[in-house]
Each structure stands twice: as C-alpha cells, then as structure tokens.
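1. Have a look; sequence and predicted model below, questions after that.
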Amino acid sequence: MRNFFTNVDLSVSLARLSEDKIELVIESDFVGSQRKSQLYVNSKKLGEEVERFWKSIKTKKLLSLRLCFDEIDYYDDEVDVYETPRIAIERGLRRAVISSQRHGSVPKDWSGRLTFIFADTTTKTPIIEVIENALGDLFTSKDEKIFSKELKPFLQKKVKYVNYSTEEEED
C-alpha cells in the first residue's frame, strides 16, 4: 500500500465508533494522480494489492479495509461523469470486493484513502502494525513515537479521536 501515498498532506486519524469498534483512516495525495485529469487505475490490480496487504497483516483485531479515491479541489458540475474503483475486504472474505464511485468533474488532484475497522483494543500493537505495513518508510520511527504518545489516551478511552499528520522532510 506504501506506493499509493506521498508525504504531502499525509494524515492518520483514529475514531472510536459507537459499537465498540475503532476506525483508522490513512489519507494523502495519491501517487498515481495526474494534475487536472481523470483518475485511471486498474481495479483488478488494486484488488490484488489489497488482498496481498490483507494477508500480510497478522493481527486478528483488523475487521475490514476499504480503499477509495477522493477529489481534491473540485466543482461537481456533472459534465465529465466517470467512475473510480472502490476496493473492500473484510474478515471472512478471501477476495476483495470491487465496486465503483461516481465522479462528476475533473479535480485539480486526487487523494487516496485507506479506512480500516478494528475490534476494540487496549494495545497499540495492531494499529501500529497496520500503519507501518501501509505506509512503510513514510511512517518513520519519529512519527511512531509521537503517534504512540497521542494514541495512549485514545486506547484508555479518555479521548474519542486522534488526528496526526506526518511532517514533510525538507530537502
């Protein structure tokens, strides 16, 4: 999944859902987007990539995963109508389910968003494992240290949300 994201506007957020579940969202500018153009991605290859990623995760706390694409800075005028893939997989499925999302305009750019649903947990290990596997070297040890500190009150149920943005490295 690492090859979908850039460190531009990379954010990781957690929310506690009402039914004893945790939602993790990883979002950034999409690597494969071309400025001011429709998004052309191979849904079959994306599905295979999601299946490989799903199989690489060892934790049983992860219940589902969704991958979708969103427009950045757009006006929905329904002139250029087309679809982009949405990929989902959940516990109990062997194959990813591929559907589509309708778009009605050509945006300035695209973002990629991974949404994970976890069973409620009091340990950071399953969440950190998924983030590290999804982001690879974009999520540095420094990022992990800072995120873990923010994650502690969330896991203790003292806060309902955690929002973290990684720092862009300067050249």
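-> Sure thing, it's come through.

2. Can you name the residues bridging to the residue nearest the centre of the chain?
-> Centrality entry for the chain: nearest residue to the mean C-alpha point is L114, 1.9 Å, by CA atoms, centre = their mean. Applying DSSP bridges to L114 gives these bridge partners: I26, L67.

3. Wait, it touches L135, no?
-> No. Using CB atoms under 8 Å, L114 is not in contact with L135, being 9.4 Å away. No exception for glycine: its C-beta is placed from N, CA and C like everyone else's.

4. Please report how far S28 lies from G92.
-> 29 Å (CB to CB, to the nearest Å).

5. Settle it for me: which of those two has more neighbours?
-> When neighbours are counted by other CB atoms under 10 Å, S28 and G92 differ, and S28 comes out ahead with 22 against 7.

6. Check the secondary structure at the more buried one for me.
-> Here S28 is recorded as strand under DSSP: H, G, I helix; E, B strand; the rest coil.

7. Please give me every residue in contact with it.
-> 5-11, 111-112 (CB atoms under 8 Å, 6 or more residues apart in numbering).

8. Likewise for P153?
-> By CB under 8 Å, 6+ apart, P153 lies in contact with V159.

9. how far is the lowest-mean-pLDDT helix or strand in the chain from where the chain is centred?
-> Least confident helix or strand, the chain: strand 97-103 with a mean of 82, by mean pLDDT, DSSP states H and E. Mean-position distance between strand 97-103 and its chain equals 16 Å (CA atoms, centre = their mean, to the nearest Å).
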